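*Asks:* Build me a model from this:
(chains A and B)
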Amino acid sequence: MSRVCKRSGPACTDRPLSDRAVRAKFDAWRHVVASCLGPRARLKQVRNGVGGRVSTTSTCSVLLAAVPPSEPLLKLLTACVLQHVQRFGDAGLFAAVLGLSLVDQVTRRGSDSSTAVRVHQRLLELCDLYLTSADCCAKVEVDLGSCRSLLALAHSGVSSKPACGLDPAETQQVSALLLKAFLQTIPCGSTDTVRLGETVVVGVEGEAVENSAVFPGLLLDVPEMLHSGDLERLGPGPYKLALFSASLSGDLSERGNMEIHTGTDPEAALLEKLLKVGEQVVRDCATLFLCQKVIHPVLQQYLRERGVVVVERLGIAILTIFTISGAQAAATSHTPVPAEAFGWVEALSIQLCGTRKMLHLQPTANPAVCTLVLCHRNESMLDELKVTCKRVQHVLQLALKDPVALLGGGCMETHLSAYIRHLSRRDAAEMASDLDCSPQEFLLAADGFCRSLEAAAQALEHDGGLVLMDLNYGHCWVCPADEELDTSTLLSCSCGLINSSAGMEWTTLGSTHPDFCPRPPPGDSTARACVLDSFPAKRNALNVAVEIASLILDVKYVIRDLN
Amino acid sequence: EFGLQIFLRSLSHLLQMSRVVPSSSSRGQHVGLQQLAALTTAAHAFLGPSKRYKFIVDDGGGDSALVCSGFRLLENLDLTCSVGQLLNEAVQAHQRAFRSGTGSLLFLAGAWGKAALECLRQGIAVPHILAGMERALSLEDLLKAGQRDSPQPRPRLLSATSRKIKLTHSRHFGSVETQNSALQQKCLQDADLSYVATLSAMSGKCDTFHSFDIDKVATCVLPGPSEEHSCALPGYVVHLTDERAFLIERLAGRLQIVLLNGDLSESYRHVGFCNPPGLRYVSDALDVHRVGGEEEWMDGVLGTLAKLGVGVVFVTGAACRKLTDRCWRCDILVVERVRPAVLRDFAGATGAVPVAYASQLSERCVGSGVRVRPWRRCGASPRAESLAVTVTAERAALVTVVIASPVRSKLQALEDRFWGCAHRLHHALEDGKLLPGGGVVELQCVRQLRERMKGPAEQTKCGRPKGPYVAIVLQGMINGLMDYVSTVMCNSGLFSSKADAWAAINNQLKETDVTSVGAGVAGLDLSDQVERESAAGETGRAFDNTSVKVEAWRRALDLVFLVLQTDAEIITGIDIEDRKWQHDGLMFL
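*Replies:* Predicted coordinates for the structure are as follows:
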């Protein structure tokens, strides 16, 4: 008997962006990501309808990964943003907000999308040119000789995530620790190829943030059966170390069906093999026996009785142990460990992080590995803090490669918008003819572009405060909602670079204002900027945003297979 | 969209936005904070010394639970909202760390959540609420600073030598004589028990004690006997409810012990061990006389135990029933479900080495010097004898607290209370400081906050006085604390209604001036206090733990901050056909 299964034809949506439901989803997404931006962001509680943990976050990588949208065009956008975050660590929300704003500006005006895309691309080139040029006023040099700007970079990164639940003093402490950890990952020796080391982040829940610390080397959980007396008995280091990546639990790891003759005991045979490995390791005078997976209790007991320190279930920490000890992991227990596979550690000790005990492995050489122990009272906050710290480490590493930072707090966006607005007005006719459109069309699209940049700056304010731009430098200023608007009370711009002075003029962001070319900041102030963003991350985010917006605007049909 | 919940809808994902627009004329509602306030009101009855029980009944299954503390309440509720889950997470984490103070945490999270809600209603921006509350709670720093500055003689439990011991700690601690008769009588109260436990745990070691090792205390719940029979006994108490109870006398003299981590059964394998599912055993001969695998294994284990001359086996997991019976026939007592801390203590005291499998046992693993003594028969029915026995080891510091109650469902609450007190004692000795309890600290904070409100207006960085929001935020915090104190007073029976309590507190605040009670908040030194009070013969004063209280306040505020800053709850992976999600306030992304 045969069965007929009716297949339904694909569903095709013509000009998806003109569909009201799709537009509503775009708006919703824009609200969600824009409200997550900045140090006063609104947090999102994300959970699965079936159950499981609730995560409270405003971090792009967590939010976008946890909430996949149903709309294909939005899927495209989140995928691009996530990929950007993976490469650059930072400015994911900025990319998403900017991309969605660009799409919103074009669809709201109902202007021709292909012209808008051409203008956007052209303006992106101008932005890129400006940002990379030497006389760009939206960036500052990062002085690698001092901690100041690196610390500002770290501080901006940590303070921009309110779900970490840190007070100002704790923010300062965590930023300093991050910088300290980062500096420890820079190798000292001057070889031809410099490779950055790594920072292992260990989270300890239930302890005060002030117990957080950085240790050189690696910290592992203390095995249950290890007592501090055992370490004292070891004598002075360095200690030889045997490392296994294979499971030593003594089970048959082969897959598939297997037949075993009654009377033979595979478990006993395997255990015998394991003990032979143990015997060999003891004979080779190893003091540490580490395994990525589980070690059979009998083998553990055998080793412990002979004074060997046993640590099992290392998991991902095994990669760090390669680096600090120089050991090669044995992938099988069937052959003896070759002499060259053993590694060394300089010292073993037990460290206290609050009330949690950790086993501290100190490397013999200087492999630039350190462990950052992060303590926090609350699990949700600790999760966010861990993600934030990884993000900041990434940003600091990028700064090492390219020691430039962009002004944060929305100043870079308003400045860039003012600059592009000025340029597009000045050269409207010329550029319009280049792009094969009328000057009016060009100006309209350019206005949309600048407004999108301003929207990204505006998104940093969530409490109804008034966002202003000065007409001298094009920086961003915020006047809180519950204080009356009085420009004389404005002290400094959001990034801290510009102080207010007599004769300065402001305009509400997004309103029409006389044309001006933003001036470079006064010469003495460049060291003052206290809110900094990663230059490479933000520059790439700008590119990603414009490219993905162009792609979305170019889509004419969405075809769905409904089967 | 002002003050309303904006809901967005899409195909597979759902997002519930509750946006608050405080600057607008129509005041915002914050769903999260409302949920927080609603969830925490259930725990009001758990504040103060006389706690009232609550019954939780599951309408569907008909199950019920009797709870008497905040964390048990949340544990037994089916919390579907995100805020509920966050609250539960925070409370359980606090409980794991301190074993007490969840009542304060819950209450203050709710009270300060309400304060934040009120601030929103009055149009104060979220960052200002955050800053105001953070500053208000810098009182907590004040508490800490008070501790650091004063000289710190080591706290100790006094007068073990004088045979009359008196530690006034927490509102539940009274005085206890160390004579046995007095112990028996006083054992009703869990607090006294933790007291006795400490004494027994420490006695004979030194005259003064600087710490109280929680790991050296175990509990044994005994359904049946009345609560007066609760007491603390040296060693580990095991409750035997089968025929073994008749024959306990056979285990006389000094015995050998072995300790097993994991289960004692043939099929048990250590964690991480898994054989492939496709494994089959084949045989080319038909051997009808072959003994089964389990029998063979049991023979092996019994042989080993007999060879080593073992009298007692402690197992952290479950033990195979057949083997337990056979062991008993050979005069070996197998005790299941022993806590790892107890195992560690016996390992230290007897020299036994814990192992995972019985096959690992050798002479080196065997500990010695263990005695098993019958302690008391409890509630024997003709068929099932029930006997509690103590297992003691020389040099072991372990003390077991027996918690008895004829009402079985009360046992868990009693056990929780005992552990709460034990941990309070532990933390008191660790901190070396106590805070006056019964709301004194809270009142002192109220006083200080009021002073701050009256004081010169604080200046912003640009020299203008801050907006009126500071006063509103502070007033909200004060109301939260006042509510706390009045609830405590009301619950403890001092006042019949919260309004009366509130009025009385207000009067008291007016009368006393700030300096006279200034000593209260700086923290009291434990040993001084004890000496002074024992000299004065004063009893019954209540004290609280410094670290527990500070931490509970901090966590409550953390929770309020997290919820306050949240504007949307996003639920993923739901089925849009499900009727559960079919109400109009929601939108799919």
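
*Asks:* Thought residue B:34 was touching residue B:117, still the case?
*Replies:* Yes - using Cβ atoms under 8 Å, residue B:117 makes contact with residue B:34 at a distance of 6.8 Å. Every residue, glycine included, has its C-beta placed from N, CA and C.

*Asks:* between the two, who's got more neighbours?
*Replies:* residue B:117 (24 against 16; other Cβ atoms under 10 Å in any protein chain shown).

*Asks:* Which residue ranges of the stretch 151-300 of chain A form helices?
*Replies:* For the stretch 151-300 of chain A, helices defined by DSSP state H, counting those that start in this stretch occupy the ranges A:168-184, A:228-232, A:266-283, A:297-305.

*Asks:* Can you give the domain ranges for chain A?
*Replies:* A:11-138+A:407-560, A:218-253+A:265-366 (automatic domain parsing).

*Asks:* Packed most tightly, which of these would that be?
*Replies:* Highest mean neighbour count of the domains of chain A: domain A:11-138+A:407-560, a mean of 20 (counted as mean count of other Cβ atoms under 10 Å in any protein chain shown).

*Asks:* how many neighbours does residue A:562 have?
*Replies:* There are 8 residues near residue A:562, going by other Cβ under 10 Å.

*Asks:* Could you do residue B:499 as well?
*Replies:* If we define neighbours as other Cβ under 10 Å, then residue B:499 has 11 of them.

*Asks:* likewise residue B:428?
*Replies:* Around residue B:428 there are 26 residues (other Cβ under 10 Å).

*Asks:* Assess the claim that it and residue B:547 are in contact.
*Replies:* No - if you go by Cβ under 8 Å, residue B:428 and residue B:547 don't touch, sitting 9.1 Å apart.

*Asks:* List the buried residues of the helix or strand hosting residue A:385.
*Replies:* Element membership of residue A:385 [criterion: DSSP states H and E] is helix A:379-401. Across helix A:379-401, burial judged by 16 or more other Cβ atoms under 10 Å in any protein chain shown covers A:379-399.

*Asks:* re earlier: for residue B:123, which of the domains of chain A is the nearest?
*Replies:* domain A:11-138+A:407-560 (6.9 Å; Cβ to Cβ).

*Asks:* Ends of the closest one, what's the gap?
*Replies:* 5 Å (Cα to Cα, to the nearest Å).

*Asks:* Contact partners for whatever residue of the stretch 151-300 of chain A ends up closest to chain B?
*Replies:* Closest to chain B within the stretch 151-300 of chain A is residue A:294: 2.9 Å, counting by Cβ to the nearest Cβ. Residue A:294 sits next to A:247, A:248, A:249, A:312, A:313, B:270, B:271, B:272, B:273 when contact means Cβ atoms under 8 Å, 6 or more residues apart in numbering or on different chains.

*Asks:* And for residue A:406, the neighbour number?
*Replies:* 27.

*Asks:* Give me the helices and strands touching the host helix or strand of residue A:119, please.
*Replies:* Assigned by DSSP H and E, residue A:119 belongs to helix A:113-132. Helix A:113-132 is packed against helix A:92-109, helix A:411-426, helix A:439-458, helix A:535-554, with contacts defined by 3 or more Cβ pairs under 8 Å, 6 or more residues apart in numbering or on different chains; DSSP states H and E.

*Asks:* what would those helices look like in JSON lines with mean pLDDT and distance to chain B?
*Replies:* Listed next are those as JSON lines, based on pLDDT from 0 to 100; distance: least, Cβ to the nearest Cβ, whole Å:
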{"stretch": "helix A:92-109", "mean pLDDT": "92", "distance to chain B": "13"}
{"stretch": "helix A:411-426", "mean pLDDT": "91", "distance to chain B": "19"}
{"stretch": "helix A:439-458", "mean pLDDT": "91", "distance to chain B": "15"}
{"stretch": "helix A:535-554", "mean pLDDT": "93", "distance to chain B": "16"}
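
*Asks:* wait, which of those is closest to residue B:369?
*Replies:* Closest among these, once you apply Cβ to Cβ, is helix A:92-109, at 63.8 Å.

*Asks:* Chain neighbours aside, what residue packs nearest to the closest residue to chain A within chain B?
*Replies:* In chain B, the residue that lies nearest chain A is residue B:272 (2.9 Å; Cβ to the nearest Cβ). In space, and not counting its chain neighbours, residue B:272 is closest to residue A:294: 2.9 Å by Cβ to Cβ, 6 or more residues apart in numbering or on different chains.
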